[in-house]
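Colleague: After the sequence you'll find the predicted model.
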Amino acid sequence: MKKLINTADSVVEDALNGMAAAHPSLRVRDRVVYRAEGPRPGKVGLVSGGGSGHEPLHAGFVGHGMLDAACPGEVFTSPVPDQIIEATKGVDGGAGVLHIVKNYTGDVLNFEMAAELVEGVEVASVLVDDDVAVQDSLYTAGRRGTGATLFVEKMAGALAEEGAPLARVAAVAAEVDERSRSFGIALSSCTTPAAGKPTFDLPETDVELGIGIHGEPGRARVPMVSARELAGVAMEAIHGDLPLTGDLLVMVNGMGGTPLMELYVVFAEVAAFVKGKGARVSRSLVGNYVTSLEMQGFSVTVCRLDDALTRWWDAPVETPGLRWGR
Amino acid sequence: MKKLINTADSVVEDALNGMAAAHPSLRVRDRVVYRAEGPRPGKVGLVSGGGSGHEPLHAGFVGHGMLDAACPGEVFTSPVPDQIIEATKGVDGGAGVLHIVKNYTGDVLNFEMAAELVEGVEVASVLVDDDVAVQDSLYTAGRRGTGATLFVEKMAGALAEEGAPLARVAAVAAEVDERSRSFGIALSSCTTPAAGKPTFDLPETDVELGIGIHGEPGRARVPMVSARELAGVAMEAIHGDLPLTGDLLVMVNGMGGTPLMELYVVFAEVAAFVKGKGARVSRSLVGNYVTSLEMQGFSVTVCRLDDALTRWWDAPVETPGLRWGR
Amino acid sequence: MMEAELFVAWFEEAARQVRDNRDRLTRLDAAIGDADHGTNIDRGLTEVLKELAESAPRSPGEVLTTAGATLIRRVGGASGPLYGSLFRQMGKTLESPVTLARFAGAFEEGVVAVERLGKATMGDKTMVDALIPASRALALAVRDGVDVRRALDQAARAAAEGAKTTIPLQARKGRASYLGERSIGHEDPGAASAALFMAALAAVAT
Amino acid sequence: MMEAELFVAWFEEAARQVRDNRDRLTRLDAAIGDADHGTNIDRGLTEVLKELAESAPRSPGEVLTTAGATLIRRVGGASGPLYGSLFRQMGKTLESPVTLARFAGAFEEGVVAVERLGKATMGDKTMVDALIPASRALALAVRDGVDVRRALDQAARAAAEGAKTTIPLQARKGRASYLGERSIGHEDPGAASAALFMAALAAVAT
Ligand SMILES: Nc1ncnc2c1ncn2[C@@H]1O[C@H](COP(=O)(O)OP(=O)(O)O)[C@@H](O)[C@H]1O
Ligand SMILES: Nc1ncnc2c1ncn2[C@@H]1O[C@H](COP(=O)(O)OP(=O)(O)O)[C@@H](O)[C@H]1O
Ligand SMILES: [Mg+2]
Ligand SMILES: [Mg+2]
Ligand SMILES: [Mg+2]
Ligand SMILES: [Mg+2]
């Protein structure tokens, strides 16, 4: 394993120091990343968090129009309740705080504990579970939260910025999740600094279908095929669960180690697929947004837009990882 | 080799189709990427180009405040004169066109030929050569152009947007290059689609120092050390050539396959180094901007700012790869 | 009788065994999860020992609640809150002087807290598959009047066997459930670490 | 006498040889460059053949200028303009009917164009190290009144030897110069492809 780290133990701390140094718009304290300017009275606060190694998610989405704070855990490990409690108190502007929680047992348990323990702040939660690779049944922990997290954070963030009350921000966040679906494919595994070797070995000839964002193996291993065919697999899985119609927000997301050139190749195929179904790519995002360290591959996330969601997507955002309109 | 491509031959074409589909702000025609809105009368046009595989450079920097057109060649292969001639004619708003050329024999020759052949457009050129790993001597092709290309494109782009004449835009572009220095380190090689295997093999224990952006081997191969030490190597090389003083623009650039978390770890060390020399990180950029496909590693680019350059850096920019202020 | 020192020794021994088995636990987690279970528990127990040394809790119950709270505060992931709840609930329930019967009762309460929090039942391929057999072994030992040492040995053996029973199972909870049928054939890392916890207790009780 | 057909055949044979050696050329470029030389020349010659078939140039000079212009228009990189200039300049200079002396003179003009454009001289570890010996061999053959076939054989041999002489050199031009001393010990890919061009000409002239 070769990694740009000092020690495996200090990697999260060191990276947060780098974030703080690079972005004067952020304030980092006790493993929580806040907007430097602090809470705005009357605005609903948005807190998210999860394991590190998914950058820019979540800390890179702290700023105007998105999150108020992010709680980064150890690599691929949910944050602890103390961080979430601190963040929740730290961003409350009196209008309550929304927890944006990806549906993983660890994230759910730690956010739940924090929500129970935090005092004097009204807390609502939204669970993001967009990954169609996992069946939502009694036999699983339910769908994972992956790419749609970014959509939820962006749109709920814009609404919160408008001054909407907590219940409404939470309801819209849940609506964005309901309208969104994802599917991911890995060409290679990733290596966590602590483990020091790839989480799984993938031969030169194979890919993993239906992976999450923690370097977990996927649902099935199949022979490598063309970008067109892989995009087709992902899009059929999504379309089979939530038929593609109308205006869509489409993200083709690298897993951290995929050349941008290849993501554009995939996007071209995804766009052609959408067109073939009679739907329209109305907004899009191509790049590394919800990553698994240096994993190679891609995920596609699709959200069925309506006018309001489109407006919140287009609203100004100023974060290290996503920025437009200011 | 596993790559998200359809065929090795079609990868550039397919990726450009994806760019066109993803970014309505761009228009792609005959292997040239233009701003969709076309040239602005009276504004100096900025044209750059180079091999593909460095995305978002260059095509991702076409848009308000940066380039007017980019000419992507085959992977790691300079564009041909025809592309550059088309681009030059296509962006001329009557005020002439600046060619921003990275100092590689191929880029230089093809841009020179184009500049000679293009008719009816005043053309000036700036040569970017910021890489301190290469000695600028009779015994080399001169310093390579790497990360500073982004700085030149951004600042000259802002100045052009203000309506400055060609000679001044060219002079400032050259000044940005003179004030900028880079150094790169690779932890792994990259694989071009056509070659199908890594350009060089790097054992688990070693890194390549002083690499360029085409997967070329570097000046020396040394044992892997910590992020702090690697950042020190890069920064000493830069500082030894252009002493770090005053306000600096600092970019820590991934080569395409490096987790953002690790780039922040490196940035923390770079910022500490700068502070140790009594200089100041006044502006910064951390991410994948000038890449070599899926190569792992980083490069640091430093530019000594003054008030004017800072203003042009801060000026609004709206491109797929760099955006703020609008 | 089981004193506070014994419970401190339990966590010291558990920390040692987890350290020795850290890479194995992480490998188990790599196969059907995200390759961090060894690191998570190792980090948690290191913090527990630090906290126990600093706060010097006096009763067995206090040792356990301190350990539980520390795991919750320091581990994260799924296993942090789950193990944290196990020990915190055990600590809250456990009255001094500690007898085997009281310990068995508190342990059962702890396991119920884990089940309640994680909503997992026997056969879901989680730590619960090691914890429930351990709890039953303790209850049987109490019923049969077995001495502490043998009771804890039996609990350790039951936990180890329970961990092995997870191998052929398809996971229905936690990260491993995402793999569907591909989770079959691998030991659950949390069940494996639960077996280590029980082995550590048996070891220090001798 | 060398007719237009012979020159077309030259490019057909060169395309075949380059296709057969594409991976070797790319491997040579991987060692001291960016692993694209084989692909570049292969792509270029494919386009040249297409263009020659379409535009059906009638004189040797036209064949050469067409090939040169196509290489410039289609290859990119360093080798595109350099090889393009070689053939374009050769074509501009070459008068019909083509004699060995006229061909040798035009070839020399082409090589000078390459030197002028790339500013490389003998020993810089570039295609020039194969082209100059080839040009000299042609000039000597003219002086000595050698027949066309033997002259082209000697030129091919000189180019091949010239390519080999690049192995111990440290590059002073092009991408390989960035490697400093690490460029020593590898054959220059452009010199290797230049040797293929000359071998192809010798092959079709028989
Ligand atoms: N719902 C649950 N109930 C009980 N135990 C669970 C549950 N979900 C996960 N676990 C246990 O947690 C273990 C994984 O812990 P760990 O790897 O530290 O956390 P994470 O899965 O968040 O990475 C699993 O092996 C399993 O034993
Ligand atoms: N200045 C130069 N003069 C002559 N030949 C050169 C020069 N620079 C490079 N070359 C030749 O070009 C070859 C590389 O061609 P190619 O790989 O196609 O282009 P690039 O270097 O742009 O990737 C080198 O091996 C060398 O023979
Ligand atoms: Mg985890
Ligand atoms: Mg090249
Ligand atoms: Mg885990
Ligand atoms: Mg090359």
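Modeller: The structure has been received and is ready for your questions. Ligands and ions are numbered 1, 2, ... in the order given.
Colleague: Let me see the ranges of the helices in chain C.
Modeller: C:4-20, C:22-32, C:37-55, C:60-74, C:79-93, C:100-118, C:128-144, C:148-165, C:189-204 (DSSP state H).
Colleague: Okay, and the closest residue to ligand 2 within the stretch 201-326 of chain A sits in which element?
Modeller: Proximity of the stretch 201-326 of chain A to ligand 2 (Cβ to the nearest ligand atom) peaks at A:M261, 17.3 Å away. C-beta here means a position set from N, CA and C on the backbone, and glycine is covered the same way. In the assignment (DSSP states H and E), A:M261 maps to helix A:260-276.
Colleague: ok, the closest residue to A:N288 other than its chain neighbours to A:L150 distance?
Modeller: Excluding the flanking residues, the one nearest A:N288 by Cβ to Cβ, 6 or more residues apart in numbering or on different chains is A:G254, at 4.1 Å. Distance, A:G254 to A:L150, using Cβ to Cβ, to the nearest Å: 13 Å.
Colleague: anything in contact with each of those two?
Modeller: A:Y289 (Cβ atoms under 8 Å, 6 or more residues apart in numbering or on different chains).
Colleague: tell me the pLDDT at the residue of chain C found nearest ligand 2?
Modeller: The nearest approach of chain C to ligand 2 comes at C:A35, 39.7 Å away (Cβ to the nearest ligand atom). The model reports C:A35 with a pLDDT of 94.
Colleague: Surely it touches A:F76?
Modeller: Yes - judged on Cβ atoms under 8 Å, C:A35 makes contact with A:F76 at a distance of 7.4 Å.
Colleague: higher neighbour count, the two?
Modeller: Shown here are C:A35 and A:F76; by other Cβ atoms under 10 Å in any protein chain shown, A:F76 has more neighbours (34 against 30).
Colleague: per-residue confidence for the more buried one?
Modeller: So A:F76 comes in at 96 (pLDDT).
Colleague: which stretches of the stretch 101-250 of chain A form strands?
Modeller: Along the stretch 101-250 of chain A, counting by DSSP state E, counting those that start in this stretch, strands occupy A:123-128, A:180-186, A:206-209, A:220-223, A:247-254.
Colleague: Let's see the distance spanning stretch A:131-145 from one end to the other.
Modeller: 6 Å (Cα to Cα, to the nearest Å).
Colleague: how about it against chain C, any contact?
Modeller: Yes - residues of stretch A:131-145 contacting chain C under Cβ under 8 Å from any Cβ of the partner chain: A:133-135, A:138-141, A:144.
Colleague: Buried members of these into PyMOL, please.
Modeller: Burial among these is assessed by 16 or more other Cβ atoms under 10 Å in any protein chain shown; the matching PyMOL selection reads:
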select buried, chain A and resi 133+134+140+141+144
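Colleague: just the residues of stretch A:131-145 next to chain C now: which is nearest D:R157?
Modeller: The nearest member of those to D:R157, counting by Cβ to Cβ, is A:A133 at 61.9 Å.
Colleague: want to throw the helices of chain C into JSON lines with mean neighbour count?
Modeller: Shown next, in JSON lines, are the helices of chain C (neighbours: other Cβ atoms under 10 Å in any protein chain shown):
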{"stretch": "helix C:4-20", "mean neighbour count": "19"}
{"stretch": "helix C:22-32", "mean neighbour count": "23"}
{"stretch": "helix C:37-55", "mean neighbour count": "21"}
{"stretch": "helix C:60-74", "mean neighbour count": "24"}
{"stretch": "helix C:79-93", "mean neighbour count": "26"}
{"stretch": "helix C:100-118", "mean neighbour count": "20"}
{"stretch": "helix C:128-144", "mean neighbour count": "22"}
{"stretch": "helix C:148-165", "mean neighbour count": "21"}
{"stretch": "helix C:189-204", "mean neighbour count": "26"}
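Colleague: and the ones you listed as JSON lines, adding distance to ligand 4?
Modeller: Shown next, in JSON lines, are the helices of chain C (distance: least, Cβ to the ion, whole Å):
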{"stretch": "helix C:4-20", "distance to ligand 4": "51"}
{"stretch": "helix C:22-32", "distance to ligand 4": "39"}
{"stretch": "helix C:37-55", "distance to ligand 4": "43"}
{"stretch": "helix C:60-74", "distance to ligand 4": "52"}
{"stretch": "helix C:79-93", "distance to ligand 4": "50"}
{"stretch": "helix C:100-118", "distance to ligand 4": "56"}
{"stretch": "helix C:128-144", "distance to ligand 4": "58"}
{"stretch": "helix C:148-165", "distance to ligand 4": "56"}
{"stretch": "helix C:189-204", "distance to ligand 4": "48"}
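Colleague: Nearest to D:L152, out of those?
Modeller: helix C:22-32 (62.7 Å).
Colleague: need the contact list for residue 12.
Modeller: All of this is about chain A. A:31, A:52, A:72-75, B:261.
Colleague: wrong one, I was asking about chain C
Modeller: C:49, C:204.
Colleague: Tell me which residues of the helix holding A:M261 come out buried.
Modeller: A:260-274.
Colleague: just the residues of stretch A:131-145 next to chain C now: which is nearest ligand 1?
Modeller: Using Cβ to the nearest ligand atom, the residues of stretch A:131-145 next to chain C come closest to ligand 1 at A:A141, 6.7 Å.
Colleague: My read is that the closest one contacts C:L179, right?
Modeller: No - between A:A141 and C:L179 there is no contact under Cβ under 8 Å: 11.0 Å.
Colleague: returning to what we had before: okay but the residue nearest to A:N288 is in contact with A:V265, surely?
Modeller: No - A:G254 is not in contact with A:V265 according to Cβ under 8 Å; the separation is 11.7 Å.
Colleague: what pLDDT does the residue located most distally from the centre of chain C get?
Modeller: The C-alpha centroid of chain C is most remote from C:E181, which lies 26.1 Å away (Cα atoms, centre = their mean). C:E181 is assigned 92 on the pLDDT scale.
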